[in-house]
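*Asks:* how would this look folded up:
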Amino acid sequence: MIQDNCTKKRIKPRLLRDVKTEALLVFARTALERFFQRVDANDWQPVVGTDDDTIYIYDTLRDLKDKLQECVVNVDYLMNLVQSAKKHPELVSLAKFEEPLITYYDVMAKKVEVNVPTDQIWWIPELIVVCTLSHWILEEEKSISLYPFLKDIDYNKLIEKFEIYGQSLEKDKKSIIINMHKISSEIIEKLQKTKYKVNKHRVSKTRKKKK
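*Replies:* A predicted model of the protein is given here:
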């Protein structure tokens, strides 16, 4: 039995167009989980600007993580499903059902992978989460009706606090915030351009008749 890793009930879109939003949320949940796991394991408090700014940013993001964990799967579920389907034929249909989600998630993950610097001080994954969600929801105006809790987040306010913080950094580090914006835009652009073709190996009846 494959566990979906949701603490409550998973929200699974019925329409293919909404699966891209789900994939972005899988990306966000996974990134926030990894980030806060590091924070908690090292008893470390990230600092962005003033104490009030830091508390606002990370309380908001921790709450978002918790909300996503309730109803959105993470990459661990997808990886476990793909590997298990290779050994258990009864899971093949489920893996096929999740294929669009896996496809959309993979293009984002690969885009991040090629941009991750060797020195983590040049990497702010939580800002990438905020920027990609802001781009998708506010700029692209994608529907989030299935996930109403996303409406409660002030993405512009979060981004503004990071940008103000960026202005206080030393000259060689000022580009960090700009780079996170750039990578976020590239992730969304890649997601938008990616198309999932249903029944890739199906031969149409028209083509069959012509042979």
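*Asks:* which phi and psi does the closest residue to Leu150 other than its chain neighbours have?
*Replies:* Closest residue to Leu150 apart from its sequence neighbours, by Cβ to Cβ, 6 or more residues apart in numbering: Ile144 at 4.6 Å. Placement of C-beta: from N, CA and C, glycine included. Dihedral angles of Ile144 (phi, psi; degrees, to the nearest 10) stand at phi -130, psi 30.
*Asks:* Just to check, Ile144 is in contact with Thr21?
*Replies:* Yes - using Cβ atoms under 8 Å, Ile144 makes contact with Thr21 at a distance of 6.6 Å.
*Asks:* Can you tell me how far the nearest residue to Glu186 once chain neighbours are set aside is from Thr132?
*Replies:* Leaving aside its chain neighbours, Glu186 sits nearest to Lys111 (5.9 Å; criterion: Cβ to Cβ, 6+ apart). Per Cβ to Cβ, to the nearest Å, Lys111 is found 10 Å from Thr132.
*Asks:* Residues that sit against both of those two, list them.
*Replies:* By the contact definition Cβ atoms under 8 Å, 6 or more residues apart in numbering, Lys111 and Thr132 are jointly contacted by Ile187.
*Asks:* Which of those two has more residues huddled nearby?
*Replies:* Thr132 (25 against 18; other Cβ atoms under 10 Å).
*Asks:* who touches that one in this structure?
*Replies:* By Cβ under 8 Å, 6+ apart, the contact list for Thr132 reads Leu24, Phe27, Ala28, Ser184, Ile187, Ile188.
*Asks:* can you tell me which of the residues you listed lies nearest to Ile2?
*Replies:* Closest to Ile2 out of those is Phe27 (19.8 Å), distances taken as Cβ to Cβ.
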